[in-house]
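Trainee: Got a predicted model here, sequence first, then my questions.
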Amino acid sequence: MNVITSTQDRGKQRLYIQEVSVRDGFQMEPIFIPTDRKVEFINGLSRTGVAKIEVTSFTSPKAIPALADAEAVMCRIERAPGVEYAALVPNLRGCERALSCGVDEINLVMSASESHNMANLRMTPMQSLDQFAQIVKLVDGQARLNASLSTTFGCPFDGDIPLPHVLDTVARFVDIGVDGITLCDTTGMANPAQVARVCEAVKERWPAMAFTAHFHNTRGMGLANALAAVQSGIDRFDASLGGLGGCPFAPGASGNVCTEDMVHMFNAMGYDTGVDLDALLALAGELPQIVQHDIPGQVVKAGPSTRRYPVPAGKVA
């Protein structure tokens, strides 16, 4: 891994921040967030400069009641120029629903681990791949297609996922004809050295493919892993405002890497994220009231490192 040490060397490299809080985050909340509030929140996100927003999931309302209003939300949001609006799609029926709402991108998901795929999707990885191929035919160019590979960096049931297996699965995605691939650290098992190995390997083999890194902060290594990924050639990152999210197979774990913390880090290092950090922090400040609990994000509490304070007056002894 070639560590980049100066802003001049980076030349303001462009990074693309992709917001997943309203899907990956809200689906984990025990309360139902009203449709109007979701739409208002997404419209606010659209004005921050993020490159993509994963708006919802077109899954069964019985499976994820928190996102039962998928059609209403997707059809009512204000679409900002330059922002892509994506949705997670678990099957053909979900794909049909998403296409009827004019999504820009359909995000498919399966696991590198067979045990996790069975637990999460109730099918084998090969069955998932067969369904992916059917969805590609159904979409037929009506939207971009992204494939997310869960447990890329480890499975809570099967343990380590060998790199050759990851590469073989990515190759199958490429053969099916997807436009982008997300490498997901689903339960926060990755470490920076491992992230570098995986990201360097996929970028070397498929340099033209749009790869995204998706990290969770379950064990406190989310930002370190994001840094390892960017230094290994990845320029697209999923993140969740306030650090919302999580995984049902990592009980008690914190959520996704926090968007405003990630943007703060990359901006401070001289990267061009295209994101208005102040606007993000303002929205993050609304989250505790929306979800009715504290959020794990740090910068919204401490303020950006550029904040300056008046010097305290000296005390007379």
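Mentor: Alright, I've got the coordinates. These numbers come from a predicted model, not from an experiment. Numbering: from 1, shown residues only.
Trainee: From now on I want contacts and neighbour counts done on CA atoms only, so please keep to that.
Mentor: OK.
Trainee: tell me the helices in the stretch 51-200 of the chain, going along the chain?
Mentor: 70-76, 92-100, 114-121, 125-139, 163-176, 192-205 (DSSP state H, counting those that start in this stretch).
Trainee: Now tabulate these in CSV and tack on distance to P61 and mean pLDDT.
Mentor: Putting the helices of the stretch 51-200 of the chain into CSV (distance: least, CA to CA, whole Å; pLDDT from 0 to 100) gives the following:
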stretch, distance to P61, mean pLDDT
helix 70-76, 9, 98
helix 92-100, 11, 97
helix 114-121, 15, 84
helix 125-139, 20, 91
helix 163-176, 28, 96
helix 192-205, 34, 98
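Trainee: how about those helices in a markdown table, adding mean neighbour count?
Mentor: Shown next, in a markdown table, are those (neighbours: other CA atoms under 10 Å):
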| stretch | mean neighbour count |
| --- | --- |
| helix 70-76 | 18 |
| helix 92-100 | 18 |
| helix 114-121 | 17 |
| helix 125-139 | 17 |
| helix 163-176 | 16 |
| helix 192-205 | 18 |
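Trainee: Take those and lay them out in TSV including distance to S232.
Mentor: What follows is the helices of the stretch 51-200 of the chain, written out as TSV (distance: least, CA to CA, whole Å):
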stretch	distance to S232
helix 70-76	34
helix 92-100	33
helix 114-121	27
helix 125-139	27
helix 163-176	16
helix 192-205	5
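Trainee: Could you point out which of those sits nearest G49?
Mentor: helix 70-76 (18.8 Å; CA to CA).
Trainee: Any chance you could list what contacts the closest one?
Mentor: Contact partners of helix 70-76, identified using CA atoms under 8 Å, 6 or more residues apart in numbering, comprise 35, 38-39, 55-58, 97-98, 101-103.
Trainee: you'd agree T48 is up against L281?
Mentor: No - here T48 lies out of contact with L281, judged by CA atoms under 8 Å, at a distance of 9.8 Å.
Trainee: Looking at the two, which has the bigger crowd around it?
Mentor: L281 (22 against 18; other CA atoms under 10 Å).
Trainee: What sits closest to that one if chain neighbours are left out?
Mentor: Closest residue to L281 apart from its sequence neighbours, by CA to CA, 6 or more residues apart in numbering: V300 at 5.6 Å.
Trainee: What's the separation between the one you found and G154?
Mentor: According to CA to CA, to the nearest Å, V300 stands 30 Å off from G154.
Trainee: where in the chain is pLDDT low?
Mentor: 1-11, 248-253, 315-317 (pLDDT under 70).
Trainee: what residue lies at the spatial centre of it?
Mentor: Nearest to the geometric centre of the chain sits D238, at 2.7 Å (CA atoms, centre = their mean).
Trainee: pretty sure that residue belongs to a strand, no?
Mentor: Yes - under DSSP: H, G, I helix; E, B strand; the rest coil, D238 falls within a strand.
Trainee: Looks like it contacts S21 (just checking).
Mentor: No - using CA under 8 Å, D238 is not in contact with S21, being 9.4 Å away.
Trainee: Tell me the secondary structure of H214, please.
Mentor: strand.
Trainee: That one and G220, how far apart?
Mentor: 14 Å.
Trainee: more crowded one of the two?
Mentor: H214 (28 against 14).
Trainee: for the more buried one, what are its contacts?
Mentor: Contacts of H214 by CA under 8 Å, 6+ apart are 182-186, 237-239, 256.
Trainee: and what of L99?
Mentor: Here L99 is in contact with 139, 142-143 (CA under 8 Å, 6+ apart).
Trainee: Can you check my assumption that A313 lies in a strand?
Mentor: No - assessed by three-state DSSP, A313 does not belong to a strand; its assignment is coil.
Trainee: ok, it - how many residues close by?
Mentor: A313 has 6 nearby residues by other CA under 10 Å.
Trainee: Need the phi and psi values for it.
Mentor: Dihedral pair for A313: phi -70, psi 140, per degrees, to the nearest 10.
Trainee: thinking M123 is in contact with N117, fair?
Mentor: Yes - between M123 and N117 there is a contact under CA under 8 Å: 6.3 Å.
Trainee: how far away is L244 from G177?
Mentor: Separation of L244 from G177 (CA to CA): 31 Å.
Trainee: Compare these two (neighbour count), which wins?
Mentor: Taking other CA under 10 Å, L244 and G177 do not tie; L244 has more neighbours (30 against 15).
Trainee: Excluding sequence neighbours, find me the nearest residue to that one.
Mentor: G25 (4.6 Å).
Trainee: same question, N225
Mentor: P192 (4.7 Å).
Trainee: ok, now which ones touch the one you found?
Mentor: 221, 224-225, 227-229.
Trainee: Now do the same contact list for the residue lying closest to K203 once chain neighbours are set aside.
Mentor: Leaving out its chain neighbours, the residue that sits closest to K203 by CA to CA, 6+ apart is G233, at 6.8 Å. The contact partners of G233, by CA under 8 Å, 6+ apart, come to 199-200, 203.
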